[in-house]
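Asker: The following comprises the amino acid sequence and a computationally predicted model.
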Amino acid sequence: MSQLHVINHPMVQHKLTKMREKETGSKDFRELLKEISLLMGYEITRDLPLEEVQIETPICKTTAHCISGKKLAIVPILRAGLGMVEGLLELLPVAKVGHIGLYRNEITHKPVFYYCKLPDDIQQRMVIVTDPMLATGGSASDAITMLKEKSHCTNIRLMCLVAAPEGIEKVRQDHPDVDIYVAAVDERLNDDAYIVPGLGDAGDRIFGTK
Ligand code: PRP
Ligand code: URA
């Protein structure tokens, strides 16, 4: 079964609280999301394998450790997932970036597909799917299915900011092989399938749309 990792580091929780506040404008919201993404990236890469290398310090020769050839890809779910890419790239500057475009139908709350562009060699990479909001879980689950069916990805992690229990359950049911990283698990979904208390519409708050 997939593991749920709740990253409850005080720095992450403090920044997330600022993001939740309705008075926080787009500029601050974007900056906070970038900062949290970098901090979460630290946890999501915690188990990357290391290999020994021989180096020479100014004092002597020694054996030290480097990340072993592990390749990464970041795949944001458009639009809101884009807000998590910059922070991750600061930590993982050589990661390739793919894009999957999905939006939720306002009535049915089901994801509607509109775009997919992925790195050719993504199958050989550990893939971090990003989306700040995991509500019903439909968008994340469909994006992961696409990565598996279209590109045969086998090493996928999902990174979200705020999740509803319903979304976590759906992704775990559909993709038991995918670990989920979140900064908070909120109470529930409301009748419009928005997360409560949540932070509102993440895409609109990042990009200043309505
Ligand atoms: C939001 C969010 C997720 C999705 C979550 O995107 O960024 O992709 O909803 O909901 P789900 O778990 O119920 O599928 P939205 O459809 O609003 O598109 P946007 O990012 O372009 O604003
Ligand atoms: N999408 C959002 O942006 N926010 C929610 O609470 C649910 C879906």
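Answerer: Now that the structure is in, tell me what you want to look at. Please read these numbers as outputs of a predicted model, since none were measured by experiment. Ligands and ions are numbered 1, 2, ... in the order given.

Asker: For the residue in the chain positioned nearest to ligand 1, give me its contacts.
Answerer: Closest approach of the chain to ligand 1 (C-beta to the nearest ligand atom) occurs at Gly203, with a separation of 2.2 Å. Every residue, glycine included, has its C-beta placed from N, CA and C. Residues in contact with Gly203, defined by C-beta atoms under 8 Å, 6 or more residues apart in numbering, are Arg79, Ala80, Thr209.

Asker: with these in mind, which one is nearest to Pro58?
Answerer: Pro58 lies nearest to Ala80 out of these, by C-beta to C-beta, at 46.5 Å.

Asker: follow-up on the earlier one: from the chain's centre, how far out does the stretch of helix or strand the residue of the chain closest to ligand 1 belongs to sit?
Answerer: Gly203 is part of helix 202-207, with elements assigned from DSSP states H and E. Relative to the centre of its chain, helix 202-207 is centred 16 Å away, using C-alpha atoms, centre = their mean, to the nearest Å.

Asker: Val75: what's its closest spatial neighbour, skipping adjacent residues?
Answerer: Gly98 (4.4 Å; C-beta to C-beta, 6 or more residues apart in numbering).

Asker: pretty sure that neighbour is touching Asp120, no?
Answerer: No. Shown here, Gly98 and Asp120 do not form a contact pair, counting by C-beta atoms under 8 Å, at 10.0 Å.

Asker: between the two, who's got more neighbours?
Answerer: Per other C-beta atoms under 10 Å, whichever of Gly98 and Asp120 has more neighbours is Gly98, with 21 against 9.

Asker: What spatial separation is found between the more buried one and Gln173?
Answerer: Look at Gly98 and Gln173: by C-beta to C-beta, to the nearest Å, they are 24 Å apart.

Asker: before we move on, the earlier item: and the residue nearest to Val75, what is it in contact with?
Answerer: Per C-beta under 8 Å, 6+ apart, neighbours of Gly98: Ala73, Ile74, Val75, Cys116, Lys117, Leu118, Pro119, Ile122, Val127.

Asker: Name the nearest residue to the first one, ignoring sequence neighbours.
Answerer: The shortest distance from Ala73 to any residue other than its chain neighbours is 4.2 Å, reached at Arg125 (C-beta to C-beta, 6+ apart).

Asker: No further questions, thank you.
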